[in-house]
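In: okay, sequence plus prediction incoming.
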Amino acid sequence: MPESTLRLPGFWPRLIKRARTTLNLPRLWRHWKNGRTDLTGAWPNRLYIEITNACNLDCIMCPTGLHILGRPTGNMEESLFRRIVNEMAPHVQQTTLHIWGEPLLHPKLVPMIRYAREAGIEVSLSTNATILDEARARELLTSGLTEIYLCLDGMDAATYEAIRRKADFATTVANIERFIDLKSRHGGAVPAPKTHVQLIEMAPTRAQADAFRAHWSRPGVDHVNVKAFDSWGNQVKEINRLRAPHEGAERPDRWHCPLLWYHAHVYVDGTMTCCDRDFGAKYPLGNVAEAGSVMAVWNGAGMKALRAKHLVNDLKDVPPCRGCTEWSWWKPGPFSAHGNAPGDR
């Protein structure tokens, strides 16, 4: 599809939406701070859409890579994606098109990005970059994509290939370098995406973090991200073993997890969960496709009940929450909110 066909919203629609989403933040904060479970009148600050849960790698820190997801593998139907975007576009500033799969595997990825961008939603995605060939790179650079994370866990083949099993270090590095080069030379009417090169900080990579930052700090890279290790709720022993020694101490002053008040996570079949740590949808909160609405589920009985359980720390029967320590990664403020990870360290 030619770049010229992309029609982004104009100045005034963008300004009005920015005002709407900014004013939504203190509303969410009051609900979270006061322990309200009914969020009528508020909207999620961030929308996570799992367009696929298929992946081409067997990464050792990932439930998909370990083949323990426990859900059917598939792609989100484009019709469901459009329904979600149509409902949420006036109210949500950004959506993320990855949860438990490699988004570049979805055959309709670029049309999905374009559809969301024309509806007025900024689009972020994270990729393992193993299939980011020149054609895909050029498509993404002209798609309207707002932000991309290029993931490379290691400074050498031995480290990287032990973590990102089935991947080839030299190929992935070449793909990333080519994308950065193409981005640096991109001169189209559509802005190129903000580009992050990312390493997950865990036991096998921690000693390489400083060298990684130094190596990838270059023109064309907007940010080198050393991402905090995520245990996915301390549910998987094989993943827990990857935790760096300084990670994971339980905080005694637990507060209710802000993700239930600020985020919406929708899986390939429309199932909504508390967050991506419920990778197997063991505690589903409803189904967007069946309910006909994201908001009907996000402010529905299941979500309200889980918020109430968080308020009193009654989480023994909630697998993704009962052992989780990642709830402590951030606290919202009247005009501040975050994604699913703490800041770069």
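Out: Noted; the coordinates are in hand.

In: so what's the residue count around residue 214?
Out: 11 (other Cβ atoms under 10 Å). Placement of C-beta: from N, CA and C, glycine included.

In: contacts for the helix or strand harbouring it, please.
Out: Assigned by DSSP states H and E, residue 214 belongs to helix 209-216. Applying Cβ atoms under 8 Å, 6 or more residues apart in numbering, the contact partners of helix 209-216 are 152, 155, 197, 199, 201, 205, 224, 226.

In: for the helix or strand that that helix is followed by, name the packing helices and strands.
Out: Counting by DSSP H and E, the next helix or strand C-terminal to helix 209-216 is strand 223-227. Where contact means 3 or more Cβ pairs under 8 Å, 6 or more residues apart in numbering; DSSP states H and E, strand 223-227 is packed against strand 194-200, helix 209-216.

In: return the distance of the last one from the chain's centre.
Out: Counting by Cα atoms, centre = their mean, to the nearest Å, helix 209-216 is centred 23 Å from the centre of its parent chain.

In: what comes up buried for that helix?
Out: Along helix 209-216, these residues count as buried under the neighbour rule (16 or more other Cβ atoms under 10 Å): 209, 212, 216.

In: what angle separates that helix from strand 223-227?
Out: If you take axes from the mean of the first three to the mean of the last three Cα atoms, to 10 degrees, helix 209-216 sits at 160 degrees to strand 223-227.

In: all strands of the stretch 101-250 of the chain, in order?
Out: Applying DSSP state E, counting those that start in this stretch to the stretch 101-250 of the chain gives strands spanning 122-127, 147-151, 164-165, 194-200, 223-227.

In: and those strands as a markdown table, adding distance to residue 29, mean pLDDT and mean neighbour count?
Out: Formatted as a markdown table, those follow (distance: least, Cβ to Cβ, whole Å; pLDDT from 0 to 100; neighbours: other Cβ atoms under 10 Å):
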| stretch | distance to residue 29 | mean pLDDT | mean neighbour count |
| --- | --- | --- | --- |
| strand 122-127 | 21 | 97 | 21 |
| strand 147-151 | 24 | 98 | 22 |
| strand 164-165 | 38 | 98 | 19 |
| strand 194-200 | 26 | 97 | 22 |
| strand 223-227 | 25 | 96 | 19 |
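
In: put together TSV for those strands, with distance to residue 185 on each row.
Out: TSV is the format used below for the strands of the stretch 101-250 of the chain (distance: least, Cβ to Cβ, whole Å):
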stretch	distance to residue 185
strand 122-127	20
strand 147-151	16
strand 164-165	28
strand 194-200	13
strand 223-227	20
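
In: tell me the contacts of residue 203?
Out: For residue 203, the residues meeting the contact criterion (Cβ under 8 Å, 6+ apart) are 241, 242, 243, 244, 245.

In: I misspoke; the intended subject was residue 128.
Out: 55, 56, 57, 59, 102, 151, 164, 167, 172.

In: quick check, nearest of these to residue 76?
Out: Closest to residue 76 out of those is residue 102 (13.5 Å), distances taken as Cβ to Cβ.

In: per-residue confidence at the closest one?
Out: Per-residue pLDDT puts residue 102 at 98.

In: measure the residue lying closest to it once chain neighbours are set aside to residue 106 for me?
Out: Counting by Cβ to Cβ, 6 or more residues apart in numbering, residue 102 lies nearest to residue 55, which is 4.6 Å off, once chain neighbours are set aside. Here residue 55 is placed at a distance of 11 Å from residue 106 (Cβ to Cβ, to the nearest Å).

In: farthest-separated two in the contacts of residue 128?
Out: Longest span within the contacts of residue 128, Cβ to Cβ: 55 and 172, 14.1 Å.

In: who has more neighbours out of those two?
Out: Neighbour count, other Cβ under 10 Å: between residue 55 and residue 172, residue 172 has more, with 24 against 21.

In: relative to residue 195, how far out is that one?
Out: From residue 172 over to residue 195 (counting by Cβ to Cβ), the distance is 15 Å.

In: select the longest helix from this protein.
Out: In the chain, ranked by residue count with DSSP state H as the criterion, the top helix is helix 11-33.

In: give me the neighbour count for residue 282.
Out: For residue 282, the count of nearby residues is 13 (other Cβ under 10 Å).

In: about what we covered before: any idea which element the residue nearest to residue 102 lies in?
Out: Using DSSP H and E, no helix or strand contains residue 55.

In: that one reaches residue 67, doesn't it?
Out: No - the pair residue 55 / residue 67 is not scored as a contact, 10.0 Å apart, by Cβ atoms under 8 Å.
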